[in-house]
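Peer 1: Curious how this folds, go ahead:
(one chain, ligands or ions: 1)
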Amino acid sequence: AAAEKGGYEHFMLKEIHEQPKALTDTLRARVKTYSNKTIHLEEIGFDASWAEASRVVITACGTAWHAGVVGKYAFEHFARIPTDVDIASEYRYRKPIFNPKDIFIIISQSGETADTLAAMRMAKKGGARIIAITNVVGSTLAREADLVMYTWAGPEIAVASTKAFTTQLMCVYLIAMQFGSLRGTISEDELTGYIDALEQIPAQAESLLAHKEAIQRFASQQFNKTKAFFMGRLFDYAISLESALKLKEISYTHSEAFAAGELKHGPIALVDESTLVVAICTQSALFDKMDSNIKEVKARGATVLVITYEGEPYFDGTADEIFRIPRTLDPLTPILSVIPSQLYAYYASLQRGLDPDKPRNLAKSVTVE
Ligand code: G6P
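Peer 2: Just a heads-up that it's a prediction; the model follows:
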């Protein structure tokens with residue numbers, strides 16, 4: 001078993017460390033350089049007709065749904081297409097309205113989640129075209145979708161998803177940018193710039209991982225906090241959702257995520273000295289808004305961890321602790337900003353004497369309804 005874990009103590013830590021390579025594999029197959037760098041999705045059967053969609057609908061469960069939340073923001077940002085995102089188990093029991101020009105993006109690591117498959121089949125019946133993002137070749141989702149984009153993350157064994165999530169994000173960005181370039185919402189030069197930024201991300205993830213001891217140390221001081229709140233705005237909100245899920249899954253800490261603007265609409269009532277607040281702050285235009293949210297929770301006794309860019313002085317005076325991620329474009333930060341939270345959850349789980357690979361009551365793939 002030690003050999004299977006490649007020298008790591010747990011599959012989860014191994015898979016966290018495999019992210020730079022997994023991200024490279026996911027990206028490399030889809031980018032080509034002729035006179036300019038361009039995205040190539042022909043291998044999955046994608047052509048310009050797909051970009052004529054009037055709407056994109058993303059459905060998924062769990063961590064994959066969080067990739068979908070990033071997807072909504074990314075599609076609006078890069079491709080200017082109206083985009084909905086919904087939890088598959090909600091979607092399938094609603095009375096959704098289909099349009100023949102809808103494109104569905106169904107995200108699932110396993111490609112076998114029962115609710116996700118049910119939502120896909122419903123959309124298909126409604127006449128929509130389906131793009132699957134999945135990690136498992138030949139899975140039910142892969143077989144039934146119209147187009148399949150594989151995440152090339154390799155087998156993910158740990159119940160808590162890490163490398164499957166970040167490679168799902170990579171796929172979502174590539175599809176959103178390809179839609180944008182076909183729809184003319186991003187220019188050739190912009191596309192080159194975006195691809196350059198995506199290409200830097202694997203090495204940036206590697207350099208982030210090289211500082212994991214700082215997170216381990218922080219976890220050893222904070223693991224016994226009874227509540228953990230994650231807050232952010234825009235892309236940071238999506239990563240707050242995923243960060244809170246990771247922590248609750250494997251450390252059993254009561255964790256919640258909310259859009260930072262919602263702080264005063266409820267969550268602040270729960271903030272006290274026993275609360276860890278993780279403020280994800282990578283959306284530069286909203287730093288001042290995050291800063292006032294941080295001051296509000298600090299005034300009520302919370303310990304605040306800020307996740308922001310390297311070299312960014314904005315939160316120096318206010319945070320109790322800062323983890324830094326390498327600088328990239330603000331809409332692309334999710335792939336990097338989730339990594340400190342993956343590590344924090346892992347080390348908090350260890351500190352609590354738990355096995356992060358085998359969380360109680362959870363399954364890797366939920367094939368029942
Ligand atoms: C389970 C797993 C999660 C996963 C979710 C969706 O809850 O524990 O890690 O995100 O199912 O799984 P899928 O295979 O559809 O991505």
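
Peer 1: Let me know the helix or strand that K248 is in.
Peer 2: If you go by DSSP states H and E, K248 is part of helix 235-251.

Peer 1: So the residue of the stretch 151-300 of the chain found nearest the ligand: helix, strand or coil?
Peer 2: When scored by Cβ to the nearest ligand atom, the stretch 151-300 of the chain has S161 as its residue closest to the ligand, at 3.9 Å. Just so you know, the C-beta spots here come from the backbone N, C-alpha and C atoms, and that holds for glycine as well. What DSSP: H, G, I helix; E, B strand; the rest coil gives for S161 is coil.

Peer 1: Any part of stretch 130-149 near the ligand?
Peer 2: No - judged by Cβ under 6 Å from any ligand atom, stretch 130-149 and the ligand are separated, with a smallest distance of 7.7 Å.

Peer 1: so how many other residues sit close to the closest residue to T167 other than its chain neighbours?
Peer 2: What sits nearest to T167 in space, not counting adjacent residues and going by Cβ to Cβ, 6 or more residues apart in numbering, is T151, at 3.9 Å. When neighbours are defined as other Cβ atoms under 10 Å, T151 has 27 of them.

Peer 1: per-residue pLDDT, T151?
Peer 2: You'll see T151 listed with a pLDDT of 97.

Peer 1: just K37 next, same as before
Peer 2: 85.

Peer 1: Next, it: phi, psi?
Peer 2: phi -80, psi 130 (degrees, to the nearest 10).

Peer 1: Just the element for the closest residue to it other than its chain neighbours, please.
Peer 2: Nearest residue to K37 in three dimensions, chain neighbours excluded: I195, at 4.4 Å (Cβ to Cβ, 6+ apart). Here I195 sits within helix 188-209, counting by DSSP H and E.

Peer 1: how far does stretch 304-311 sit from the chain's center?
Peer 2: On the basis of Cα atoms, centre = their mean, to the nearest Å, stretch 304-311 sits 18 Å off its chain's mean C-alpha point.

Peer 1: what's that stretch in contact with?
Peer 2: Applying Cβ atoms under 8 Å, 6 or more residues apart in numbering, the contact partners of stretch 304-311 are 218, 222, 276-282, 294, 297-298, 314-315, 318-327, 337, 340-341.

Peer 1: ditto for stretch 285-303
Peer 2: Stretch 285-303 has contacts (Cβ under 8 Å, 6+ apart) with 222, 225, 229, 231-234, 260-261, 263-264, 268, 271-273, 275-277, 279, 281, 283, 304, 306, 314-315, 318-321, 330.

Peer 1: Show me what the helix holding K248 is packed against.
Peer 2: helix 62-74, strand 227-232, strand 254-259, strand 275-280, helix 334-351 (3 or more Cβ pairs under 8 Å, 6 or more residues apart in numbering; DSSP states H and E).

Peer 1: what angle do that helix and helix 62-74 make?
Peer 2: Counting by axes from the mean of the first three to the mean of the last three Cα atoms, to 10 degrees, helix 235-251 lies at 170 degrees to helix 62-74.

Peer 1: Now helix 235-251: buried residues?
Peer 2: 235-251 (16 or more other Cβ atoms under 10 Å).

Peer 1: Stretch 173-193 now?
Peer 2: 173-183, 185-186, 191.

Peer 1: Among those residues, which ones are in helices?
Peer 2: Y173, L174, I175, A176, M177, Q178, F179, G180, S181, L182, R183, L191 (DSSP state H).

Peer 1: May I see those residues organised as a markdown table, with pLDDT added?
Peer 2: Output for these, formatted as a markdown table (pLDDT from 0 to 100):
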| residue | pLDDT |
| --- | --- |
| Y173 | 98 |
| L174 | 96 |
| I175 | 96 |
| A176 | 96 |
| M177 | 96 |
| Q178 | 94 |
| F179 | 95 |
| G180 | 95 |
| S181 | 93 |
| L182 | 93 |
| R183 | 94 |
| L191 | 95 |
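
Peer 1: can you list contacts of the helix or strand bottoming out on mean pLDDT in the chain?
Peer 2: Every helix and strand in the chain was compared by mean pLDDT, DSSP states H and E; the lowest is strand 31-33, with a mean of 84. Residues outside strand 31-33 that contact it (Cβ under 8 Å, 6+ apart): K37, T38, I39, H40, I195, L198, E199.

Peer 1: Could you report the separation of the residue positioned nearest the centre of the chain from the ligand?
Peer 2: By Cα atoms, centre = their mean, the chain has its centre lying nearest to A67, at 4.3 Å. If you measure A67 against the ligand using Cβ to the nearest ligand atom, to the nearest Å, the figure is 9 Å.

Peer 1: isn't that residue right up against Q168?
Peer 2: Yes - between A67 and Q168 there is a contact under Cβ atoms under 8 Å: 3.8 Å.

Peer 1: Now T38, what are its backbone angles?
Peer 2: With angles defined as degrees, to the nearest 10, T38 sits at phi -140, psi 160.

Peer 1: what about I322, is that helix, strand or coil?
Peer 2: I322 carries the three-state label strand when classified by three-state DSSP.
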